Each structure stands twice: as structure tokens, then as C-alpha cells.
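# for reference, the sequence and a predicted model appear below.
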Amino acid sequence: MVRQIEPAQLRPAASELLAGDGRLMYATGVDLGVRGIKVDYYFSFDHRDRSRHTILRTYLDRANPVIKSITPLTPQADWSEREMIEFLGVKAEEHPNPTHLWLPLNWEELYSAGAEDKGAIHPKPLGVGVSDHITTMPVSTIPYGPYHPAFIESNYFKMSVVDEVVRKADLKLGFNHRSIIKLMERRDYYKGIYLAERVCGLCKAHHALNYCMAVEKIGDVQVPGRAQVLRTLVCEMERIQSHLMGIGIACDLVGFKTMLMQSLRVREDIQDSLELITGQRITNGFVTLGGVRRDVTEGQANFLRRKLKSLRAGMPELFEQMESSDVWVGRLRHVGVLKPEEAIRLGAVGPTARATGRRLDVRKNSPYAAYEAVDWDVITEAGCDSLARLKVKMRESMMSLHIAEQCLDLLRTAPAGIAAKVSELPCAEAIAKTEAPRGELLYHISSNGTNTPEYVRIRVPTFMNAYIMLKLIQGSYVADVPAIMGSVDPCYSCTDRVTVHKDVQIVRRNASG
Amino acid sequence: MADLLWLLNPAVAFVAGVVLSYNLRKVSARVQSRRGPLLWLPARWRDINGSKLLQPLYDIAKLLSKQTMIPHTATPFFALGPAMALLFALLLTLFVPVAGQAVDYPFSLVIVFYLLVGVTMAIIVGGTASASLFAAIGGVREIELMLSNEIPFILGSFALAIAAGSLSVHAMMGFNLLYNPFAAMAVFIAILVKLHVKPFDISEAESEIVGGLTTEYSGKLLGLLEITKLLMLFALSALFVDLFLWAPLPGLWAGAEFLAELLLVGAAIGLVNALFARFRIDQATKWLLTFSTLLSLVAVAMALIGRFVL
């Protein structure tokens, strides 16, 4: 549901929605040219009423895009509004911390006067009058990054430390920024699937599925039942492999290399199965508009059943070995405690929210694919600490196994037909959500009737959880930082998916060079 | 002639250190369901791969051939630290009996203690001289570990000295694992801490503080530190063999026994390394000051009872 308001009405409207137990999922804007800047605030109520969402929409004057920040009302808007400030030039008034998150700290200096419209950057030496930021503060700080053994991806993370206790931590993103959203706007809908799949290496099928779901909603495409079951199957297998990887890396970060190796060994079964049914181990390329690309035959299903059976034995054994290690449990218990009320206030999603006992799962709250047809339940833990977050992932992967097995049984009776025809897409827009392994994933796609989307917006789960991770790290020991990071399992490449809205000059080379 | 065999100890220590390092990595790899470094491989693989037994040697040769970067914030101790550590480690190998051959004084155990502390201190001084934050944190952790670890180590080995009535390592050598298992446990744990084996690799915790004390080292200085590490791996394993697993045998049998027991101790260290996650520094010091110290006190009590009561 879209509710259009005046810019001045934003704060009252937002506080009203928040008072009604709404979650602010995301806020973003689109530069529509002469029509001004369209700013959307996405609220979700699906933890109360199934599939209920509200979008607050307002149009800003392009010459003077001023908005009253709602970050003072809810910290969930913090990063979203900083993103708008950076990429759209929206002036979010009264924002408590309007520093650069994605762009370089000396971004303003990089532009010489009058060069903004041409998009030309004239680099100047760094470090002259950089705005107030922890990376420039004169405290004893420990840098993590841009490259650090604890990160798989590059980002810049700095903590000010007193007696091995972290006082303040700040994150600098943007090292993996690839403008994927902008690339999607320039390619037709089918090519968008491939781009979506490459946003993240671990939740790729969910990204592709989510993109397709949004486009199917625009075109009102009815996906065949068999395709729905196959989508569920692949997504759940992906969840297992992602969780095993996440748990393994969390073990490695507290020094338990053996368990990383063992979880990778167990994970091979899933990778083999994915390779058999989709042809690829990592970027599957399985989901497509209107359905899926390949059918799963009964012979392949039998192979999968065997693999899942071996996982049913292997995974509990692995998890038992981890939990029986006192040193490992001691490193995680009572570390990085996220209180339930804090989780609600900061807008935690995915396993991070479920580890505080909150039943927040898109698969139940806004059902998609074939999750209605299978028997499963949301996994929650009451521990609220790093150990609870990992336990949620462990039990969830067992639940995913259960779902995948049911999907294989459903395939026996599902009628043939794996893809519906996608015809012309009308001028419309749609949001779609899926539960990626790390939490709620949101796509907002708008179509203008042509063969390319008008714009695409992606909110990845790490966008919320990395913000919470920073809060958890403040006040903990330096030695606990990797444990917290491992349990939250952030994916910075996902978070860096956003786009640069300045028109990028495409240099076209002609044949003569 | 046979009296001067101890002069070969440093060379033996280096070679045995390479073998022990291989052993350690192989055991860790097998526990982790990996194949690990190969000792022997089929002829058809040899054009792309070779035996990995000498991998530590290749690593050291590579490091020694590379340029050494010295940070501009570093003091002269930065270069002095690794050299001192290597010197202490070489001296240490002279005092640790290899199949019964070593320099011996009536108080050689005390010298061994001091040289062991000397190696650690030299690395701490060198590392902290780099003015790197990670090295500073690593240095603090290393000192905390050392302080809590020296008590069980010294008490555990003094239990043997009490039983033998002498501070000479030679006089204490024997199959003391049977007579004083508590001392063996205390000393084994202390050796794990000194070698930075898994639950105690806090001062070089990769995911927390990058390389710890050795973060800023590169090239030849890092090569020296790697050699020191190999020598320490050998010296501490050999010390355990000498103190707790030694049964006097004639001639070459002694050498064979020594090597077999060395590999056994190395495998035990590798197993522990693979089976544990890393302690946090407060957990580690607490554990060492309670459990490990208690073990060593029991060992001393046993030794006292064995010597003066029974």
C-alpha cells in the first residue's frame, strides 16, 4: 500500500506508523528528473498482519530537496537516510550523524568548484579538513580493514579502545561498490536476473528469486506450482549451505579452524546436489522470470534424497561437536547480548532477530513460493547472545533440510510445467520480499512499460544487521569483536549494492578506436 | 669425541624442528579431514608438485631472500629482537639433551628457564618496538600469558628436581610420566602456552590482532623469527621427552627412541592444536592460574611426599 504525503507530513506519519508497531525496512529515493525526487519509506507490519506493508511516499523539489530526518524517531532510518544524503543529495535535516558511509570521507574535496554537474573528479591529497569521523579522531583506535584476516570482504572498521574495551566503533562501507542497481536499469529484465544473482555469493538464489518475484508481480504472472516447489527446494538448500558456511566462519573467527574445515566438508553434499540440479555450485542461474529454468527428474530427486539423508546424519554430529567444546561455547556465551527490546528498536532481521525470541520470518509472515504447502515452523532462541544466534542457524538448517525433503516429495505429484510465459510488463511497480539466509531481503522494482526497469531498489538484511553489529561491539572486548561479527554474519558486498545517482558518462568507443 | 656431540645440537634441532613442524601440520590436517602436506607422492604428480616435508625450509629460504621493511616508527630494538631471540633459542638447544647429549651443569634447569623466558622477552621487545597497535596488544597478551604460565611450568619441573635431588636436567631425565603424571600434565600445558598452540594462541590471534607481535616483521627478520619458532618447537618437545618419557638405551637405540618420542609429543601438540577454539585472554589466565597451577602444586606435593615421607 502506498500512501502519498507532503514532505512536511513525513514525521507525524512515520511516528504514527511506528507507534502502530511498524518496522521501518528501508528508505530510499529516486531522482525522477523534472518530477522531483521521489522518496519512499517502506514500513512493514507483516509480523502482525500477514503481508501488510505501507510505503510512505513524498516528492521533493529537485532544486532544494529538504526532508525532516526521522532518525531521531527510530534508529532504523539511520543508514537509509545517510545513503539518501550521499547518493541523492537529499538534505535530511536534524539527522544526528550525517557523515559519509559509502563515499570517501573527503568526497566534498574531491570535487572542485563547479565540477559537480560535469561529474569530473579532481583528486586532492587526503586528510585536509576531513569531517569529524572516528577514523580521523585523535583516540587510540584499532583499525580493522580495509583488509583484515577477520573479513572476507573489504571494509573499513575502526574502534577506539580503552583497556581492551571498545568505546566507540564506526564502519566505513563502499569498498565493493559496483552500482549494480544502476546496471539493472540499463539492461532488460532477463539480464537483471543475472545481476541480481551476483549481488551476493551466498544468497544468490534468493536475490534472483526476489527479483523475479517482483517482476512477476508487475506482470501479474502466475508461476506454475511445480516451479514454486522447485524454487523452495533450491532456496532451502541454499540456506543450508549459507548457514553451514556462516557457522564455520564464526568458528574460525574464534580460532576453531577444525570446525570450519568440517563444516565445509559437510557442506559439500549440498554443493554437489546444487550442481546436479542446477549445473552450478555457486551462481546457480536456476530461477527465471515465470518459473525455473530446469526441471528436477525423479532420478535427480533420488540423488538429492541420498545427499539430504547423509546431511541429516552429518549436520547434528557437527553441531554436537561444536557445542561440546567448552572453549568455543565460552567464547560465545553472554557475548554480544542483544536485548529483545533493542532488537525491536534497531530493527533486527533474520537469525539476529530470531535469536532474541522474535518470530520474524518472511517465509511465515509474507509467504512466497511453496512455503504454505510444506510443514515447518519458525526457529527462535531466547539466549540473545552470540551463541543463540549460531544455535538459531544450526536449528534452522535442520529445518531447511526438513523442508527440502518435503519439496522432493511434493515434486512427485506436482504437474509438469516449470515456467509461465511472461508477456508485456505494464507500467507498474511492485515490492517483493524473501527470507534470505541472513534475513529479510527486499526488492522494489518499477516498470515504465519498456523492456528495462525504471528503477530497482534492494535492501539486503546486512543493511540492518551490520548497524546492530556496531552497537553490539561498543562496550565489548576487542577479543570478542570477531565472535560478534561471526555470529551476526554480515555480508558487506550485499550492503554495498547501492547505486550512484549522478549520471555516469558512458564512454563509447567506435570502431576506429 | 663423544663428549663434544652436543655441539651438533643446534643443527639437529633445526632439522628435527622441520620434521616436527611437518608432523604438526599433518596431524592438524588429518583431524580437519584434510589431506595435509604430502610426504611422498606418485611419480605422475611430481611435475606439478613435490614432497612438502621441507616446506618450512622453503618458507624460511624465501623470507631470507626478500627485502626487509622496517617501519619508520620502529626503534633499533625492532631489528635486535629477532636476532636476540634466535641467539637465545640456539643457546637453549645446547642445554636440552638430544638423546642424552647436552651441555650439563648442576643447575642447567634454571638456565633452561631463563633462556626460555629470554626468547619470549626478545620477541616481545622486538615486536613492541615496531610501534604497531596490533603488536602492542599482542605484547600485553603475551606478557599476561607468560606471567600466568611460568608458575605451573616452574613448579611442575621443580617437582622432578625435588624427586631427583638435583637441578641438572641430566639427573632428572627418566620416565617420570609414571612417577609424577601431574607434573607431566602441568609441564605439557605450559609447553602448549609457550608454543602458542590453539587454545593459547591468543597473542597471535589472527582474526583479532592480525599477526600480533610479528605484524610488522617481513623479510629476513621474519625469517629469523621463523627459525626461532622451529627451534622452540623442537626444544620444548625435546624437553618434555627428556623429562618425562626418557628411558636410557644404549648407542643408536637412544637416538631412535628419542626421535619416536619426539614425533609422539609433536603429534599430541598437533592434536591439541586442532581440537580447540581460542581462549579469550581473561579466560586463559584464569584457567592457567587455577587449574594448571593446582596441577603443578599437586605435582610438587607428590614429589615432596615421595622424597621425604616414603
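Great, that's in hand.

# which parts of chain B are helices?
B:9-31, B:55-64, B:77-95, B:108-128, B:133-164, B:169-172, B:176-179, B:181-194, B:206-209, B:219-240, B:252-275, B:281-287, B:293-304 (DSSP state H).

# what does the stretch 151-300 of chain B have sitting close to chain A?
B:198-199, B:201-202, B:205-210, B:274-283 (Cβ under 8 Å from any Cβ of the partner chain). (C-beta placed from N, C-alpha, C; glycine too.)

# and those, which are buried?
Among those, those classed as buried by 16 or more other Cβ atoms under 10 Å in any protein chain shown are B:198-199, B:201-202, B:205-210, B:274-281, B:283.

# the helices of chain B: lowest mean pLDDT?
Among the helices of chain B, helix B:206-209 has the lowest mean pLDDT, at a mean of 76.

# outside of that one, which residues touch it?
Helix B:206-209 has contacts (Cβ atoms under 8 Å, 6 or more residues apart in numbering or on different chains) with A:149-150, A:252-255, A:478-479, A:481-482, B:134, B:137-138, B:141, B:215.

# any chance of TSV for the helices of chain B, columns distance to residue A:494?
Output for the helices of chain B, formatted as TSV (distance: least, Cβ to Cβ, whole Å):
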stretch	distance to residue A:494
helix B:9-31	33
helix B:55-64	36
helix B:77-95	41
helix B:108-128	37
helix B:133-164	28
helix B:169-172	59
helix B:176-179	54
helix B:181-194	40
helix B:206-209	21
helix B:219-240	36
helix B:252-275	32
helix B:281-287	33
helix B:293-304	48
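
# now do the contacts for the residue of the stretch 1-150 of chain B found nearest chain A.
Closest residue of the stretch 1-150 of chain B to chain A, Cβ to the nearest Cβ: residue B:32 (3.8 Å). Contacts for residue B:32 were tallied using Cβ under 8 Å, 6+ apart; they are A:257, A:258, A:261, A:262, B:274.

# mind listing what the fourth one touches?
Going back to what we said before, that points to residue A:262. By Cβ under 8 Å, 6+ apart, the residues touching residue A:262 are A:248, A:318, A:321, B:32, B:33.

# roughly how far does it sit from residue A:318?
From residue A:262 over to residue A:318 the distance is 6 Å, taken as Cβ to Cβ, to the nearest Å.

# for residue B:197, same thing?
The separation that residue B:197 has from residue A:318, given Cβ to Cβ, amounts to 23 Å.

# ok, residue A:149 next?
Distance, residue A:149 to residue A:318, using Cβ to Cβ: 24 Å.

# comparing those two, which shows the higher neighbour count?
residue A:318 (22 against 16; other Cβ atoms under 10 Å in any protein chain shown).

# which SS class is that one?
helix (DSSP: H, G, I helix; E, B strand; the rest coil).

# give me the nearest residue to the closest residue to chain A within chain B, chain neighbours excluded.
Closest approach between chain B and chain A, counting by Cβ to the nearest Cβ: residue B:278, at 2.7 Å. Nearest residue to residue B:278 in three dimensions, chain neighbours excluded: residue A:255, at 2.7 Å (Cβ to Cβ, 6 or more residues apart in numbering or on different chains).

# tell me which element the one you found falls in.
Of the helices and strands defined by DSSP states H and E, none includes residue A:255.

# now do the one 10 residues further on
Remark: residue A:265 resides in helix A:257-278, with elements defined by DSSP H and E.

# please name the residues that touch residue A:342.
For residue A:342, the contact set (Cβ under 8 Å, 6+ apart) comprises residue A:471.

# oops, could you answer that again for residue B:10 instead?
Residues in contact with residue B:10 (Cβ under 8 Å, 6+ apart) are B:90, B:93, B:94, B:231.
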